[in-house]
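>>> The following comprises the amino acid sequence and a computationally predicted model.
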Amino acid sequence: MENFEINGVNGLFGEVNISGAKNAAVAILPAAILADDVVRIENIPNIADVSFVIKILSRMGAQIKLINKNTIEIDSRPLAYQSVPYELTSRFRASYYLIGAMLGRFKKAQVSMPGGCYFGDRPIDQHIKGFEMLGAKVEVQNGMVCTSADKLIGASIYMDVVSVGATINVMLAAVLARGLTIIENAAKEPHIVDLANFLNSMGADVRGAGTDVIKIRGVESLHSCTYSIIPDQIEAGTYMVAAAACGGDVVIKNVIPKHLESISAKLIEAGATVIEYDDAVRVTRWKPLNKCNVKTMPHPGFPTDMQPQMVVLLSISAGTSIMTEAVWENRYQYVNQLLRMGANIQVDGRVAVIEGVDCLTGATVWATDLRAGAAMVIAGLVAKGKTVVENIKLIDRGYENIVDKLQALGADIRRVSAADEDAHIINVG
Ligand code: EPU
């Protein structure tokens, strides 16, 4: 068991390179099994969630060749149909993309209901509705999603909620279906566009990704390609918020600035300066932070995956800020940890009222989920004194080399072995 030990700093300075997008990688890797050929994928983030997917594909018989730490080749010709048990899916949410990918390839799939970060109910009714409309039978039995179809036939599918996962899963199942599939009220996140570009590089016919309506004309088969994953919007946003919260001058490189506009806008409103370059953004902040109100929304709105990090920044911004979480019903579980550091935050349902304090003070805190863990790291960087962040395996699920990247910016952070595991038991309660 390991922890992060962090001492507060007086600013972050320098450059940080952003890795490939986690939420694109966990969709693109399963999508590779739709091709009858070798697929080379570059700019894959070296993080735990990606290792889980690679492990599952390999267990299913795909041949995985590691070209370097961020590039792999997947030959899924030898991959055989099999059910995917809970011990493989329990650790991460995106394991449900195996349902769409296997349904597309084998016309059947049996995958255990996924695990992943908990922030309230995480239903998959829209995924199931999409598969059914393509002609598949779907049953949930003994914790497994079991689906099969004689053939998949394109259909017009209206999503009742804007869902990243359901949009991706239907895309995966539909690329090899017969005829035209239309997804209406589709999610528009950058990783939806990235998946569409990847599928098209393999010979699929997907149009409209990035808008509310995605049209997929089924093709007979998919072929080999080389594809490079987009930079991670949320990793970039996390370093932007860290720079603005700590103060200083940080250039965040290898990003698509357009994907960061909602985050830049709120940081500017709170008192930071953000300058956009072709593939970098520079965040500087010299003057005190001030309040601002934020509401999370599906893309292009402010991302829910940036909500905890932004709440940390607002907790040291002068005045009263309101955060409204409009995507997940219960994504404030981490707030208790911030209260232990001296933050003044009141949560009522989906709304958090944040009274800015002069400073946070170091404490031992627990990463309640991946993004909340990143928020605890930022809180540790801005706090006076020493902070210990526990349960960092959740942070490792989504942030490549976070310690090295922050140290290069002048942060005082290190990974240490937890001396006393009993401390965790007390903390979990
Ligand atoms: N929803 C339904 N029915 C469904 C699916 C979703 O009601 O069938 C609801 C959810 O309950 C939620 C909303 O729709 O209220 C949005 O959920 P969505 O399906 O978009 O989320 P997801 O696909 O499960 C992905 C990311 C999350 C991110 C959300 C929202 C991946 C692997 N995960 O989850 O990322 O918070 O989209 O942007 O792409 C993270 O990276 O830390 C993370 C949690």
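Received it, and whenever you're ready, just let me know what you need. On a predicted model such as this, the values are computed, not experimentally measured, just so you know.
>>> Report the secondary structure state of the residue of the stretch 51-200 of the chain found nearest the ligand.
Residue of the stretch 51-200 of the chain nearest the ligand, by CB to the nearest ligand atom: G165 (2.8 Å). Heads up, the C-betas are built off the backbone N, CA and C, glycines and all. Using DSSP: H, G, I helix; E, B strand; the rest coil, the secondary structure recorded for G165 is helix.
>>> Relative to L134, how far out is it?
Separation of G165 from L134 (CB to CB, to the nearest Å) stands at 16 Å.
>>> neighbour-wise, which of those two wins?
Neighbours were counted for G165 and for L134 using other CB atoms under 10 Å; L134 has more, 26 against 20.
>>> Touching, the more buried one and A174? I think so.
Yes. Using CB atoms under 8 Å, L134 is in contact with A174, at 6.2 Å.
>>> Report whether the strand or helix carrying I378 contacts the ligand.
Using DSSP states H and E, I378 sits within helix 370-382. Yes. Using CB under 6 Å from any ligand atom, we find that helix 370-382 touches the ligand at L370, R371.
>>> immediately after that helix, which helix or strand?
Immediately after helix 370-382, counting by DSSP H and E, sits strand 386-390.
>>> Going by neighbour count, list what's buried in whichever helix or strand comes after that next one.
Later in the chain than strand 386-390, the nearest helix or strand by DSSP H and E is helix 393-396. Neighbour counts over helix 393-396 (16 or more other CB atoms under 10 Å) mark L394, I395, D396 as buried.
>>> Could you pull up the contacting residues of the first one?
Taking CB atoms under 8 Å, 6 or more residues apart in numbering as the contact definition, L394 lies against C117, A367, T368, D369, L370, G373.
>>> returning to that earlier point: turn the buried residues of helix 393-396 into JSON lines, including distance to P190 and pLDDT.
Shown next, in JSON lines, are those (distance: CB to CB, whole Å; pLDDT from 0 to 100):
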{"residue": "L394", "distance to P190": "23", "pLDDT": "94"}
{"residue": "I395", "distance to P190": "22", "pLDDT": "97"}
{"residue": "D396", "distance to P190": "22", "pLDDT": "95"}
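>>> Could you let me know which of those residues ends up closest to G247?
For those, the minimum distance to G247 (CB to CB) is 22.6 Å, reached by I395.
>>> Let me see the confidence value for the residue lying closest to the closest one once chain neighbours are set aside.
Closest residue to I395 apart from its sequence neighbours, by CB to CB, 6 or more residues apart in numbering: G373 at 3.8 Å. Note on G373: pLDDT of 98.
>>> cool, and V281?
pLDDT, V281: 98.
>>> Check the one 3 residues further on too.
The model reports T284 with a pLDDT of 98.
>>> wait, doesn't it sit right on L267?
No. With contact defined as CB under 8 Å, T284 does not reach L267; the gap is 10.2 Å.
>>> just the helices in the stretch 151-300 of the chain please.
For the stretch 151-300 of the chain, the helices defined by DSSP state H, counting those that start in this stretch cover 164-174, 190-201, 233-246, 261-269.
>>> List the buried residues in the shortest one.
By neighbour count, and taking 16+ other CB under 10 Å as the criterion, the buried residues in helix 261-269 are S262, I263, S264, K266, L267.
>>> quick one on the thing from earlier: how about the contacts of L394 in JSON lines, adding neighbour count?
JSON lines is the format used below for the contacts of L394 (neighbours: other CB atoms under 10 Å):
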{"residue": "C117", "neighbour count": "20"}
{"residue": "A367", "neighbour count": "26"}
{"residue": "T368", "neighbour count": "23"}
{"residue": "D369", "neighbour count": "22"}
{"residue": "L370", "neighbour count": "26"}
{"residue": "G373", "neighbour count": "29"}
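>>> Pull the residues that contact stretch 351-363.
For stretch 351-363, using CB under 8 Å, 6+ apart, the contacting residues are 6-8, 289, 291, 311-312, 314-325, 332, 335, 337-338, 340-347, 379-380, 382-388.
>>> Need the buried ones from these selected in PyMOL.
Burial among these is assessed by 16+ other CB under 10 Å; the matching PyMOL selection reads:
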select buried, resi 6+7+8+289+291+311+312+314+315+316+317+321+323+325+332+335+337+338+341+342+343+345+347+379+380+382+383+387+388
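>>> Give me the subset of the contacts of stretch 351-363 that lies in helices.
Applying DSSP state H to those, the entries found in helices are V311, V312, L314, S315, V335, Q337, L338, R340, A379, G380, V382.
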